[in-house]
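1. Sharing a model that was predicted from the sequence below.
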Amino acid sequence: MDEGCPLLDVQAGPMQKLCGSNYPLSIAFIVVNEFCERFSYYGMRAVLTLYFISFFHWDENLSTAVYHAFSALCYFTPVIGAIMADSWLGKYKTIIYLSIVYVVGHLIKSVGAIPSLGNQAVHVVLSMVGLFLIALGTGGIKPCVSAFGGDQFEEEHTSERSKFFSVFYLSINAGSLISTFVTPVLRGDVKCFGEDCYALAFGVPAALMVLALVVFIAGSGLYRKTPPQGNVLLEVCKCIGFAIKNRLKNRSHQIPKRDHWLDWASEQYSKQLIAEVKMVTRVLFLFLPLPMFWALFDQQGSRWTLQATKMNADFGIYVLQPDQMQFLNPLLILVFIPIFDLGLYPLISMCKFNFTPIRKMATGMILAGMAFGLAAIVEVKINETDMPQLVPKESLIQVLNLAKNPVQVTIQDQNLFQQPVEAFQNPDEYSHLILNGEQQSLRFILQHQGSSLAFNYTVKEKSVYSLIVFEAEGSLSSRLITDLEAKPENGLAAVRFINGLSQDVNLTIDSKQFIPVQRNYGVSGYSLVERDTYDNGKCITETGEFTLDLGLLDFGASYTVVITNVSGGGVQTWKSEDIKANNVHMAWQLPQYLLISAGEVMFSITGLAFSYSQSPASMKSVLQAGWLLTVAVGNTLVLVVAQAAPMAQWAEFVLFTVLLFAVCIIFSIMGYFYVSVDPEDLEEKEEKRETPSRGNMISLVTQKTKL
């Protein structure tokens, strides 16, 4: 149960019920509102990382850092929402006002994704303002909506209230599941302004948030609204602050020591509040290692999505968008919860194994660490199809022999191409050119049918080249052209054309791109296209229009297509795959999603239930705030690593795996020595015990519980 805004006692009044049951009619509006809001948030966030990379052309580290900065802000702002609701506006008005801020943020974000509106600086400013308002809105209402739903029930209807929270949780996951599948389709499969339609991908979640606000307001006359009665979180902070301040003032050895450092607040705060704060601080101390789990978990929307862009997404009957893989998490959560609660946990109990909450959470950490270990292995396999790393004083080169006979290529001061290059031979890989500086003029000697020709070309370091060899006017000629230095982004394919005809040609690939190529081995620039089979292109020459069949242009590959002849209504071509296609299938991400989703069920749900069981009812909102802050801190850790310590992606995955395993050990040790208590029993015992020397001092009763 989400209790960032604590449930308040209200006098039961006449309320409309659902179908004669004890369920208030008002909860229907709240559940629909939550579904739409979660669709809005998760749908927008699903495409956010690729938006930064494709639309802003930011690098992966900056995109990851901004993504996690936004996620962290979304989990810092619930504290603001809880304080506003409990101390100032009440839950209802807080939800209304911050939802309006939420909608405005979505609208600004959607407008900022329209390519024709201003330059990149305008887009960045609008997007950042929009994201800030969205973070304030979604975070601000997060602790209030579920608690406001709980307020609608009369005190004696605890069973109905419990079932409401189950339906409420289902609506959250349903909204997340549908949106993370739909919005990537709107982004990738719908084209607007000549590219991926991010404006639509952000606009639909904005419309859902508008609908969420309208639905919530529509139920206004049915709600039971409780006035603000003060925020317990502020009281806890003041109590802790006073205890620390008072202790620092009384450091003299003549002043008697007190049993607990919070006892130094006894001069101003009641013994009941101090006892409750003691219980809360013990649980909050146990929260300290938890951010590392969230640091790994929330990378599904950043690093794992970026990993998916470098994989083969063809599942036969359907081609997944890379950001669609995120839908697996809410889907698996809905599957795992009943399996774990009704199958796994009872089975473990039958085996007489004491699977305590601390052990479940530690197991969840281990599963998440294993997921990142698998992600590192997948990343290593992906890197096998990457271009070689470019370093100073080195370049890469391949030879495309477009002549009719083999050619022997010799390059000055280089020991390359020992065997003749056959006509239209597909190069296996690029060869390394070692230079003596940032650039160097090299002599290329071509031996062909007993004759030898020399050509001089200037080669720059950290560049990639193709030497094309062809016959022109009865003699051998050559041209050095630059190639792509890295794979095309986001799973796109890159293709360029060499025109071997004696007449200019105009090409169309997919009825959208018009590509002119000059005669006599003119070379076009690269065109980026979606992965597809292109068998109905057009080649227009001086003598007519011909069909252009390019075949499959695969994920992440780069092609050079040579037009060799036209005859019989078609174009004869030769296609070279310069950069290998993505050959690691996206299905290999499924095991890591299975592990991290199982880890979430064991870690997150168990952790919340355990922490609530260890605190009095009046302090649950404080623990909710503490729990959300662990998510915020976890996202901040990713931000720091992405910006401060850039490294190979597989190495970063290994780093997070090792860090989480280390934190798991620390957490397990803390859990072993953790003293478990029953808040109700403890409060009763504390009321009976008073320390004579300090009047209202509280002394905790402890009992040892093994991990």
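-> Received it, and whenever you're ready, just let me know what you need. Residues are numbered from 1 along each chain as shown.
2. State the mean pLDDT of stretch 522-539.
-> Average pLDDT, stretch 522-539: 91.
3. Of all the residues in that stretch, which ones are buried?
-> 522-524, 526-527, 529-531, 534, 537-539 (16 or more other CB atoms under 10 Å). C-betas here are computed from N, CA, C, even on glycine.
4. Ok, stretch 602-617 next?
-> The neighbour-count check on stretch 602-617 (16+ other CB under 10 Å) flags 602-608, 610-612, 614-616 as buried.
5. Stretch 79-92 too?
-> 79, 81-86, 89-92.
6. for those residues, which one is nearest Phe514?
-> For the buried residues of stretch 79-92, the minimum distance to Phe514 (CB to CB) is 52.4 Å, reached by Gly81.
7. Pretty sure that closest one sits against Ile141.
-> Yes. Taking CB atoms under 8 Å as the definition, Gly81 is a contact partner of Ile141 at 6.0 Å.
8. which neighbours do these two share?
-> Among the neighbours of Gly81, those also in contact with Ile141 (CB atoms under 8 Å, 6 or more residues apart in numbering) are 94, 98.
9. Please enumerate residues in contact with stretch 374-392?
-> 303-304, 307, 310-311, 396, 430, 432, 438, 461-464, 484-487, 556, 579-584, 588-589, 591-592, 595, 649-651, 653-654, 657.
10. how about 6 Å then?
-> For stretch 374-392, contacts defined as CB atoms under 6 Å, 6 or more residues apart in numbering pick out 310, 461-462, 486, 580, 583-584, 588, 591-592, 649-650, 653-654.
11. re the thing from before, so which of the buried residues of stretch 79-92 are in helices?
-> Under the assignment DSSP state H, the buried residues of stretch 79-92 contribute 79, 81-84, 91-92 to helices.
12. Out of these, which two sit at the greatest distance?
-> Within these, Val79 and Tyr92 form the most distant pair, 19.2 Å apart (CB to CB).
13. any idea how far Ala265 is from Leu288?
-> From Ala265 over to Leu288 the distance is 22 Å, taken as CB to CB, to the nearest Å.
14. hang on, the earlier thing: could you dump the ones in helices among the buried residues of stretch 79-92 into a markdown table and include distance to Leu548 and pLDDT?
-> Converted to a markdown table, these look like this (distance: CB to CB, whole Å; pLDDT from 0 to 100):
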| residue | distance to Leu548 | pLDDT |
| --- | --- | --- |
| Val79 | 60 | 88 |
| Gly81 | 58 | 87 |
| Ala82 | 62 | 83 |
| Ile83 | 64 | 84 |
| Met84 | 62 | 86 |
| Lys91 | 63 | 87 |
| Tyr92 | 63 | 91 |
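15. and of those, the nearest to Asn499?
-> Distance to Asn499 across these (CB to CB) is lowest for Gly81, with 62.4 Å.
16. Please name the residues that touch the closest one.
-> 140-141, 143-144.
17. Please apply the same query to Thr309.
-> By CB under 6 Å, 6+ apart, the neighbours of Thr309 are 322, 490-491.
18. How about Phe424?
-> Per CB under 6 Å, 6+ apart, neighbours of Phe424: Trp574.
19. Where does it sit: helix, strand or coil?
-> coil (DSSP: H, G, I helix; E, B strand; the rest coil).
20. Can you tell me how far it is from Asp504?
-> Phe424 sits 23 Å away from Asp504, taking CB to CB as the criterion.
21. Name the helix or strand for Thr458, please.
-> Assessed by DSSP states H and E, Thr458 sits inside strand 451-460.
22. Now do the buried residues in that strand.
-> 455, 457, 459.
23. Surely the last one is in contact with Leu396?
-> No. Under the criterion of CB atoms under 6 Å, Val459 is not in contact with Leu396, lying 10.1 Å apart.
24. coming back round to it: tabulate the contacts of Thr309 in TSV, adding columns for distance to Leu332.
-> Output for these, formatted as TSV (distance: CB to CB, whole Å):
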residue	distance to Leu332
Pro322	18
Asn490	25
Gly491	23
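25. Minimum pLDDT in the residues you listed, which residue is that?
-> In terms of pLDDT, the lowest of the contacts of Thr309 is Asn490, showing 83.
26. Not counting sequence-adjacent ones, nearest residue to that residue?
-> With CB to CB, 6 or more residues apart in numbering as the criterion, Asn490 has its nearest non-adjacent residue at 4.9 Å, and that residue is Thr309.
27. From Leu186, how far out is the one you found?
-> 17 Å.
28. Farthest from the middle of this structure: give me that residue.
-> Most distant from the centre of the chain: Gly450, at 59.8 Å, with distances by CA atoms, centre = their mean.
29. contacting residues for that one?
-> Gly450 neighbours (CB under 6 Å, 6+ apart): none.
30. next one: Leu400
-> By CB under 6 Å, 6+ apart, the contact set of Leu400 is 466, 468.
31. Let me have the contacts of Gly81 in TSV, extended by pLDDT and distance to Ser71.
-> Shown next, in TSV, are those (pLDDT from 0 to 100; distance: CB to CB, whole Å):
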residue	pLDDT	distance to Ser71
Gly140	91	15
Ile141	91	16
Pro143	83	17
Cys144	86	20
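32. Scan those residues and report the most crowded one.
-> Ile141 (32 neighbours; other CB atoms under 10 Å).
33. Confirm for me that it is in contact with Ile95.
-> Yes. Using CB under 6 Å, Ile141 is in contact with Ile95, at 5.0 Å.
34. if we can go back for a sec, go through the contacts of Gly81 and say which is closest to Leu552.
-> Taking CB to CB as the measure, Ile141 is the one of the contacts of Gly81 closest to Leu552, at 47.4 Å.
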